[in-house]
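Novice: Sharing a model that was predicted from the sequence below.
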Amino acid sequence: MDGSDQKWDADATVTLWQKSVPAGASSEDSIRTGYDTFSSVGKTKPRLRTLEPRAEDEPDFELGEKLGSGGMGVVYSANQTAFNREVAVKMLKPDRQASAAAADALMAEAVVTGHLEHPNVIPVYDLGVDAEGNLFYAMKEVHGAPWSKRMATRSLDENLDILLRVADTISFAHSRGILHRDLKPHNIMLGEFGEVMVMDWGASCSTEIGTGAQASDSSFCGTPAYMPPEMARGDLNRQGEGTDVYLLGAMLYQIISGHPPRLEKDAVLCINLASENHIDPLGQEGELVRIALKAMATLPTERFPHVRDFQQAIRNYRSHSESLLLLENAKVSLARARQEQDYDLFNRAIYAFREALELWPENEEAETLRLEAVLGYARCAFGNADFELAQSLLDSGNATHRELLELIAKAIRDRDAHKRRSKRFLLIAQILGGFLLLLFLLAFLLIRVEQRRTADQHRQGLANLISAYYGEQNHEATVATFWELHDQYGMDTLDPEALLDVRVAAAMNPWCGSIVTGINEPVGLARAAEMDCVWVVGGDRMAKVRIQPAQGYEPKSMVGIHEYCFGKRMAPGVVVDEVGLPFPPAGSAAMHEGADGTLWLASGSCIYHRIGNGWKVVLDAGKIDYPPLPATYNIERKQVEEWMGSAGRLQPITGIVLNHGQTHAAVALGNNTVGWFDLENKRCLGWLAVGHGTRYGELLDGGEPGDVELALSPDETRLAYKPPVRGESFVFSFELPSMRRDCYVYNRDYPIQSIAFAGGDDDVRGITMDGFVFSPDDEYRAAFSTFFKGPDAKNHVRWGRERADVRELHQSDIAFASFSPQGGQCCTLTEDGLLYVGGAGGEPGFELVRRIVDHDPAACLLMERRKVALLSSDGQVHVYDMQDYALSAVDLGGDVEALCRTPEAGRVYVLENDGQKKTVRNVTLRDSGAWSTDPLIDWDCSFICVDSNEKYLACLEGQTTAVFEVESHKLLHRFRVESGEPPSEAGFDATGRYFYIGAGIDAGWRKGMRLFSTATWEEILARPHGGKARSQFNDIVFDRCGGSTRFLFLHPSPKIFGSYSIGVDGQAPVENWSVDTGSTPTAIIPFLDPRTGEQSYWCQLWFKQFQQYDAGTGEASRFQTHWVRTGLRHPEFTASDPRVVFPMEDGRMQVALKQDLYPVFDPRALAPKIERAVLSTDATRLYLLSDGKLYCMQMPEAP
């Protein structure tokens, strides 16, 4: 009983419910009464509508698929043909179509739904009956899903928003006098675009007349899981707005808990629980829980009076929840502020507490914590001595603040007193500081003066070093010191002459740069199979370095001295391979790379072969048998064999060299033993322990393993062996495979630095420390053979220079030496840093000596094309190009009196006088320096020249000039100068169309020049010597300008520089311009001006200064005075090369750039006194005439 006047008959009510509940229904299914208790639906008259097609016309509705079903009805998708729109049609289930009560209930539902025009109530389009009299109504089809299927996936806020929109709909229905009475998530449809639709108004009731709703005393209905107690008891008098408020509270319960208020599945038992208002415990508390439980109070009077009161409670909760969220965040900030004592965190916490209070003034916890935060902030500020900040935070009216305020006040008084004392001390300190500052400034100025003086001294020291190194002809050190000065002080501190020295040094510097290998403690260098590669051998790894052509300069380091630009050298190579070594190598001599790139290395008594990334032992010299020594062995043979069988075989391997097939190897053991080994069968084919140069001497001892050398002849029939003995040197030669010793060299005074095979297979060469290249000759080998025939031989044989092919290198104290890969050239490095590269035998070859920087060398190798790889102790490989300016002497047997260039760089014509006749010879020089000669004609003359097509050869002698055809040696023409000085100079233009001859040369002047056409050999321009003002030319130069040939000439008196154009048909030249030079002109040098890109001419004037003239107009511009009074002779140049060669009156020679006429050559590098210089056509070689001898100099590439 609920305490009301009306008593509740529980048994009767349960009986009624049992009759109303369909079989199999659950507690979450909607229940409708089975009795006909509905009131009249008024004047509502459903009209006849067709649901199936007829023969004469189409139906009003075309039914589609079934959308769903409920307790009494079923819903179909349909098309309303009148509007051609999709609708939903609800009708009774087939088993209920005969029930008038069910029909009235469906009609009441349709009428109520149709009367509630609200956005959240689905609109009803039509009410009708079909041809069989079955009632249905059409409504809007909503695409979506019931809230019951979406509630679990929505957030709390989203579900509360949906609940509030449902409550809006119910509040609207209440305003129209209608109760829903069956609210649950299943009856709320959520559309695809945010629509919220309250469905299933079949249980609705109203007391208003004319709505069509059921009377409030005529039905048992509802859903047991959500049902309020008055509905469960059938207490119709208590059903009202509170009933729907209960159902709204039940849905809020489900939002909170995830399930209905009652979990009992049996419908009748669940109704029994509902009658007692049994609600499953939530297991949680909170404002939202309290709202739900109040809405579901047992008595309607204890619930929210109206739906809008329920809504307001939820809205209040939502604002309270924001306040609580701010409170939680503020708590976190306050905890961090207390831990970190951070002002900003305290401010954040206080602000958050205030915001929480503004949202919910009754939030007592927020107010309490705000006060704690303020007090904590004040204590933090007090602890940081921010007394004013702490004081501003506190309230003197708050008793809890007073103690801290008193502490703050005392601290402020103490601080102010301290400030007053500090002021006095500060004043004293400022006075003392000022005095100290003056002392500091004085000391600073003195230090700066001293630093500047030291810097000036250092800068001057570097400048002096540059001059000193240049004076020593150490061009590498000159350039290196220049870069040190440049990087610290700039190049403007050097005077012009010093800068020119640097320019020359940079142009002649043989150092190409260095390659960093990363091997800090190298053992040595070893040749690689590839031509331009070397191996740097270290203690635990090896690096293969590829030496490349000169890579130029680093772009950011470029500087210019006049028109010559250079920079710091880029690395002339790269590390292309690195190999780790699991064992320490015996040295660079114990490493070998086969032609196929296979690596072999010796360590201890083993030879290793690299396969893949690993190493395999192929021979252990300490574990194999050794054959007997030959009978002619000159040391105690039996004792040596016994020694080899025990201690000798255990000596470490110090050197290896393999044959081309990599099947056999020559192996050096220790300091005195060498053998020939079959690697495939792991056996020794022959061996020898070597001793001193006496027949009964002792075994060699002493030395370093790295000093051993082995060399295999090209045909692999002989082996040369140099043991590692200090102080005196031996070289042994053996026949293979027998290891019969056929020759040895003993040099007691000077150690032998390096050995190699060169030329024929028997040509063993070596370099001694005192600067000799030797190769034992046949006489020496014969004496050696006699000496070792037997014990009765009495000849004593030791190596002597009279018994060998010996060449003196003019160097001594050699620290390192190396032969080229083919043995035809050698290089040496002396103790004092002189690097030499030249021929290794008696044949001629290019030679060059350069002084280099001391890089603390560890090894050096001579590569192809006269490049030297020098390994320094820090693991860098320094590369030197010893080809540029290398000189080769060509001994033709007779005196050379004249020479001229040919169209080919490697050939030159010379006029040779053997004392009986003069012969014009065609001399061909190879890159090695070797030469060959072919005689052309015998002719008594003093000057020769050949045209660019090598068609004509002109020979001058006395008044006569003879022209020969080169191919046939036939004399074509003769010219005779009848008056004036005899011609002594002649030449052709670049096309070979024109030929000129000139009279005698006096101080560089050419006189009485005459010009001929080679097509007709007729004279086209003549200026005979003597008589009129323009009777002689000092110089004639042919030039190409504007597509035509220019004929440039100089007149000494008057002082004229003129230009003629010569037509291709041989007509007389046409003057372009002529200018007065103001001083006697002596020579012309055409060049391309890099500043304007136009053709220009240098005109050499008296006293050797030069003036520039424009090729098109003859207009004069700048002067060049570097060569004033230097004794220049007539210049030598080619049209295409940017350099010009100046022979000097004192026999020296200079090379300059045409564009600025400043030198790029050190004349001290050339020993011979030069009489004449001729550049090859491509300017790669310079042919020199000195004291009747011919020399050839290799020229570097033009800068």
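Specialist: Arrived safely, thanks for sending.

Novice: rest of the way, CA atoms for contacts and neighbours
Specialist: Noted.

Novice: For residue 507, see how far away the nearest residue to residue 851 once chain neighbours are set aside is.
Specialist: Leaving aside its sequence neighbours, residue 851 sits nearest to residue 834 (Cα to Cα, 6 or more residues apart in numbering; 4.4 Å). Between residue 834 and residue 507 the computed distance is 19 Å (Cα to Cα, to the nearest Å).

Novice: out of these two, which sits in the more crowded spot?
Specialist: Using other Cα atoms under 10 Å, the more surrounded residue of residue 834 and residue 507 is residue 507, with 22 against 19.

Novice: Does the strand or helix carrying the more buried one pack against any helices or strands, and if so which?
Specialist: Using DSSP states H and E, residue 507 falls within helix 496-508. If you count contacts as 3 or more Cα pairs under 8 Å, 6 or more residues apart in numbering; DSSP states H and E, helix 496-508 packs onto helix 399-471, helix 475-489, strand 559-561.

Novice: Report the buried residues of it.
Specialist: When burial is assessed from 16 or more other Cα atoms under 10 Å, helix 496-508 yields the following buried residues: 498, 499, 500, 501, 502, 503, 504, 505, 506, 507, 508.

Novice: And the strands in the stretch 901-1050 of the chain?
Specialist: 907-913, 918-925, 931-938, 943-946, 952-957, 960-965, 970-976, 985-988, 994-1002, 1005-1013, 1019-1022, 1035-1041, 1044-1051 (DSSP state E, counting those that start in this stretch).

Novice: what angle do the last one and strand 1035-1041 make?
Specialist: When axes from the mean of the first three to the mean of the last three Cα atoms, to 10 degrees is applied, the directions of strand 1044-1051 and strand 1035-1041 differ by 160 degrees.

Novice: heads up, I number from 31, so please use that
Specialist: Yes, from this point I'll number from 31; that puts the last item at strand 1074-1081.

Novice: which parts of strand 1074-1081 are buried?
Specialist: Buried positions in strand 1074-1081, judged by neighbour count with 16+ other Cα under 10 Å: 1075, 1076, 1077, 1078, 1079, 1080, 1081.

Novice: Other residues contacting that strand?
Specialist: With contact meaning Cα atoms under 8 Å, 6 or more residues apart in numbering, strand 1074-1081 is reached by 1060, 1062-1070, 1086-1093, 1110-1114.

Novice: which secondary structure elements does the next helix or strand after that strand contact?
Specialist: As assigned by DSSP H and E, the chain's next helix or strand after strand 1074-1081 is strand 1086-1092. Contact partners of strand 1086-1092 among helices and strands, from 3+ Cα pairs under 8 Å, 6+ apart: strand 1074-1081, strand 1100-1106.

Novice: Can you list the strands that the shortest one pairs with?
Specialist: Its sheet considered, strand 1100-1106 pairs with strand 1086-1092 (antiparallel) by DSSP bridges.

Novice: The strands of the stretch 931-1080 of the chain: which one's closest to residue 1183?
Specialist: Ranking those by proximity to residue 1183 (Cα to Cα) places strand 1065-1071 first, at 18.1 Å.

Novice: Residue 565 against residue 559, yeah?
Specialist: No - in this structure residue 565 lies outside contact range of residue 559 using Cα atoms under 8 Å: 9.7 Å.

Novice: and the helix holding residue 537, average pLDDT?
Specialist: What helix 526-538 shows for mean pLDDT is 92.

Novice: Could you do stretch 935-942 as well?
Specialist: 92.

Novice: Same check on stretch 451-467?
Specialist: Rounded mean pLDDT across stretch 451-467 is 87.

Novice: Export it to PDB, keeping only CA atoms.
Specialist: Extracted in PDB, the C-alpha atoms of stretch 451-467 (Å, rounded to 0.1, in the frame of the first residue of the first chain):
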ATOM      1  CA  ARG A 451      74.200  49.400   4.200                       C
ATOM      2  CA  SER A 452      74.800  47.900   0.700                       C
ATOM      3  CA  LYS A 453      74.500  51.400  -0.800                       C
ATOM      4  CA  ARG A 454      77.400  52.600   1.200                       C
ATOM      5  CA  PHE A 455      79.500  49.500   0.400                       C
ATOM      6  CA  LEU A 456      78.500  49.800  -3.300                       C
ATOM      7  CA  LEU A 457      79.700  53.400  -3.400                       C
ATOM      8  CA  ILE A 458      83.000  52.300  -2.000                       C
ATOM      9  CA  ALA A 459      83.100  49.400  -4.400                       C
ATOM     10  CA  GLN A 460      82.400  51.600  -7.400                       C
ATOM     11  CA  ILE A 461      85.300  53.900  -6.400                       C
ATOM     12  CA  LEU A 462      87.600  50.900  -6.200                       C
ATOM     13  CA  GLY A 463      86.000  49.400  -9.300                       C
ATOM     14  CA  GLY A 464      86.700  52.500 -11.300                       C
ATOM     15  CA  PHE A 465      90.300  52.500 -10.200                       C
ATOM     16  CA  LEU A 466      90.600  48.800 -11.100                       C
ATOM     17  CA  LEU A 467      88.900  49.500 -14.400                       C
END
